[in-house]
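Student: Need a 3D model of the sequence below.
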Amino acid sequence: MTQFFLFVGVGMCALVLLCLYRATYGPTVLNRAAGISAIGTKTLIILLLMGVIYDRIDMFIDISMVYALLNFIGCVVLAKYLETTGEVSC
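Tutor: Numbering: from 1, shown residues only. Model (predicted):
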């Protein structure tokens, strides 16, 4: 079972690279913000998979919850910044 979770983790790392491409070369600011948010979400999944692989899921759940909170706050701050600068109109 560990081999399966390791394979899924490597696949998620490949998906993070695709999201990194979108965050770097996105045509608009909103595409870049969505890419960054997707990277954060995939990182959470990778952290939880590491917890299952190392048999320390309780510790990695705590770490991933803090990371999810930071990711959410970062997305809200970015949205507020884009709204106040006028780069994205409602």
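
Student: Show residues contacting stretch 79-90.
Tutor: 29-30, 33 (CB atoms under 8 Å, 6 or more residues apart in numbering). Glycine gets a C-beta too; all of them are placed from N, C-alpha and C.

Student: Give me the distance between the residue positioned nearest the centre of the chain and Leu69.
Tutor: Of all residues in the chain, the one closest to the mean position by CA atoms, centre = their mean is Gly40, 1.3 Å from it. Distance of Gly40 to Leu69, computed by CB to CB, to the nearest Å: 11 Å.

Student: quick revisit: can I have the buried ones of the contacts of stretch 79-90 as a ChimeraX selection?
Tutor: The ChimeraX command for the buried members of these (criterion: 16 or more other CB atoms under 10 Å) is given here:
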select :33
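
Student: And the pLDDT for the residue nearest to the centre of the chain?
Tutor: Gly40 is assigned 93 on the pLDDT scale.

Student: Name all residues that make contact with it.
Tutor: Here Gly40 is in contact with 67-68, 71, 74-75 (CB under 8 Å, 6+ apart).

Student: So which bits of stretch 47-54 are buried?
Tutor: Using 16+ other CB under 10 Å as the test for burial, stretch 47-54 gives 47-53.

Student: Brilliant, that's me finished.
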